Structure formats: structure tokens, C-alpha cells
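A.B. asks: Need coordinates for the below:
(one chain, ligands or ions: 1)
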Amino acid sequence: MAFAPFEKVALIGLGLIGSSLSHVMRREKLATSISGHARSAATRERAMELGLADTMHEHAADAVRDADLVVLCVPVGACGPVAEAISKALKPGAIVTDVGSVKSAVIREVSPHIPGNVHFVPGHPIAGTEYSGPDSGFASLFENRWCILTPLGGTDADVTARLTAFWKACGSNVDIMDADHHDRVLSITSHLPQLIAFNIVTTAADLEEVTQQEVIKYSAGGFRDFTRLAASDPTMWRDVYLNNKQAVLELLGRFSEDMSALQRAIRWGDGDMLFDTFTRARGIRQRIIEAGQDTDEPDFGRGSQHSETTAPADGRD
Ligand code: NAP
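C.D. replies: Numbers count the residues shown, from 1 in each chain. From the prediction side, this is the model:
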């Protein structure tokens, strides 16, 4: 479906995702005007300086008035309270969506506040970096990345198609799936890797001081790849684990069993088991590259990045 621009889009939250959406909407002319809201005056001022919105509002309700599309770009735990705050100001026929990394909890918290004459289609762009705030966004963040929409039963197919066309115009590929399935898929592709990163970096930080210096000095051995994930916004990730508890806990059980099997193989010198496991794991990397979801340059292309003038490498949720 060719995309017809929205008249007015409201971005609630102007951090990494909200500001990236603004940049790409400006570049592709996807909205006639953009209004915005962020919690702090500092972010609202910075958003105006950067031209991320035509108007910024202290109250979210003022930002959504007359908006045809409202995108909640706030941490998962803030989606419910924000939906409550904007509920009465939403324009009849408007589409409300979100970008939260967890879907079932957002649906549970937001749906009760969406009036009957307003459409709610939850979404999640699988694109990100470890940076946050209004300065961190860039127009190409969503390019060739997947955006998952999890429409509720009974959603008008035309509305889902309109939002699909919007994300495609932002450069994304779009998949539609059930919210519970989304949460299970993301628990393994995003939430568990992130938790492992937070854990390994914390373990290293708790080592005695001399060793810690060595951890930093020799981090190119692998550790530094975890630190990129661990540098992510703590509020966002706290909310992810509080709101995708079941899927993450189930997966952690499985992960611990597999880790114990590796531990046992190391203890008993079972080289065949280790070799077979690592060979299977290696194949996954090749498939990610073939799917266009990462660069095939050695060391993630670091060797060619002598100047830091490019946007940060993405690929995180
Ligand atoms: P971010 O850079 O930290 O920005 C969050 C924005 O939300 C800020 O503008 C913040 O305002 C605002 N905000 C926070 N709490 C609020 C509240 N209670 N009321 C109103 N505004 C509030 O976060 P982000 O990375 O863009 O993430 C936003 C959403 O996208 C999250 O739900 C996250 O799960 C999802 N997501 C993130 C990524 C990623 O890689 N980062 C990828 C995909 C999806 P202040 O600046 O004034 O505090």
C-alpha cells in the first residue's frame, strides 16, 4: 500500500526511538506536523532546539489533541499512565500505537484507556542502540530492521495496513504476530542476551581493583562486546524484566541447564560436546549475516571505523 502522510503525528517520549521517528518522518515527509511531549523540561527544550517537533507540550494530553497518529515512545512501565493521561484528548478515529519492547503487558495497561472510537495497534521496532535521549536518534535507525505489530482481535484490517505502510515508509520490514508470541521470541533474541550482558559486566565490576583494570585493558578479548549492551538505559530494561517476567524466567531456567551441561563438559574434558556445541552456535552467526541483520566485516566492522563520525552500530532492541 502506498503511504499517504498523516496530518498530525504526536510523539510521546523523545528519546532514541521518538527522535529517530521524528528524523525519518521529516526526511520521508510522513507527517504534515509533529507534536511532542517528554517528561522533563530539559528534553522538551532540547527537542525544540533539534527541530524534532513543531510544538512541544508539558502535558501529554495537549500533544495528542487533533493528532491522527499517536506513538508512545516511553518506557514500558510508563505506557499505562501516559495512556490514562491522554485518553480524553484523543481524536475520534485516531490510531494509537507504541514502540515498547514488551507487548502483552503494554496491551493490558493501555487498552482500558483507549476510547471505543480510537484504534490501538501495539508495535515494536526491533532496532536500537545503547544510547538514549533526544540527541541519540537518527533517520536510518529502522532501515532494513523488523517492526512487529501485535494487533488485538477485532482490529480494523485497514488500520493495521495503514500502520504497516507507515513503518515501511520508515524503512522497516513489518511482521504481524500475537503479543504473547512476540514476548517469547524477544525473550531469547533480546531480553536474555541483555540480562547476560548486565550480569557479566557486574561480575567483572565486582572483582578486585587490579583485576578490574586488566578487565578493561584486555576487553577486546570479548568482554567489550557485552559492555555495549550493558551501557543501555537502566529504566528501559528494568521495565522490560518487570513486564516480561514469565517468558524471561522460563528461558533463564533453560539457559541455566544448558550452561550446566557446558560446565560439566569442561569439568570432564568432554571436548566432543564442546566442539559440537560451538559448531552449531557458529552457524547462527552466518544466518544473521545472510538475513542482512548484521555486517559480515570482521569484528563487526570495527577495523574500518577509525573515525567515530558514523551513527552508532545498531542491532539492539
Ligand atoms: P529513551 O531514549 O530513554 O527515551 C525515553 C523518553 O520517554 C524520554 O523522552 C523520556 O523523557 C520519556 N519518558 C520517560 N518516562 C516518561 C513518563 N513517565 N512520561 C512521559 N515521558 C516519559 O528511551 P528509548 O530507547 O527511546 O525507549 C523508548 C521505548 O522504546 C521503550 O518502551 C523501549 O522499550 C522501546 N524500545 C527501545 C529500543 C532501544 O534500543 N532503546 C528499541 C526498541 C524499542 P525525559 O527525557 O524527559 O525523561
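A.B. asks: Can you name the helix or strand that K8 falls in?
C.D. replies: strand 6-12 (DSSP states H and E).
A.B. asks: Could you list every helix and strand that the following helix or strand past that strand packs against?
C.D. replies: Sequence order places helix 16-28 as the next helix or strand after strand 6-12, per DSSP H and E. Helix 16-28 sits against strand 6-12, strand 31-37, with contacts defined as 3 or more Cβ pairs under 8 Å, 6 or more residues apart in numbering; DSSP states H and E. In short, each C-beta sits where N, CA and C put it, glycine included.
A.B. asks: tell me which residues in the strand holding K8 are buried?
C.D. replies: By 16 or more other Cβ atoms under 10 Å, the buried positions in strand 6-12 come out as 6, 8-12.
A.B. asks: gap between the helix or strand bottoming out on mean pLDDT in the chain and the chain center?
C.D. replies: Taking mean pLDDT, DSSP states H and E as the measure, the helices and strands of the chain show their lowest mean at helix 209-217, namely a mean of 86. A distance of 31 Å separates the C-alpha centroid of helix 209-217 from that of its chain, computed with Cα atoms, centre = their mean, to the nearest Å.
A.B. asks: And the contacts of the very next helix or strand once past it?
C.D. replies: Scanning forward in sequence from helix 209-217 by DSSP H and E, the next helix or strand is helix 223-230. Here helix 223-230 makes contact (Cβ atoms under 8 Å, 6 or more residues apart in numbering) with 130, 193-194, 196-198, 200-201, 204, 215, 219, 300, 316.
A.B. asks: sec struct for the residue of the stretch 101-250 of the chain found nearest the ligand, please.
C.D. replies: Closest to the ligand within the stretch 101-250 of the chain is G128: 1.9 Å, counting by Cβ to the nearest ligand atom. Judged by DSSP: H, G, I helix; E, B strand; the rest coil, the three-state class of G128 is coil.
A.B. asks: For F3, see how far away it is.
C.D. replies: From G128 over to F3 the distance is 23 Å, taken as Cβ to Cβ, to the nearest Å.
A.B. asks: Between those two, which is the more surrounded one?
C.D. replies: Shown here are G128 and F3; by other Cβ atoms under 10 Å, G128 has more neighbours (25 against 16).
A.B. asks: Run a quick neighbour tally on C73.
C.D. replies: Neighbours of C73 using other Cβ under 10 Å come to 28.
A.B. asks: hmm, back to that, so the residue of the stretch 101-250 of the chain closest to the ligand sits right up against C73, yeah?
C.D. replies: No - with contact defined as Cβ atoms under 8 Å, G128 does not count as touching C73 (11.8 Å).
A.B. asks: can you list the residues of the stretch 51-200 of the chain near the ligand?
C.D. replies: 73-76, 78, 82, 99-101, 124-125, 128, 132-133 (Cβ under 6 Å from any ligand atom).
A.B. asks: Among these, name the ones in helices.
C.D. replies: Among these, DSSP state H puts 76, 78, 82 in helices.
A.B. asks: Now secondary structure too, for the contacts of helix 223-230, in TSV please.
C.D. replies: Shown next, in TSV, are the contacts of helix 223-230 (three-state DSSP):
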residue	secondary structure
E130	coil
P193	helix
Q194	helix
I196	helix
A197	helix
F198	helix
I200	helix
V201	helix
A204	helix
V215	helix
S219	helix
F300	helix
R316	coil
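A.B. asks: Number of residues surrounding I95?
C.D. replies: I95: 24 neighbours (other Cβ under 10 Å).
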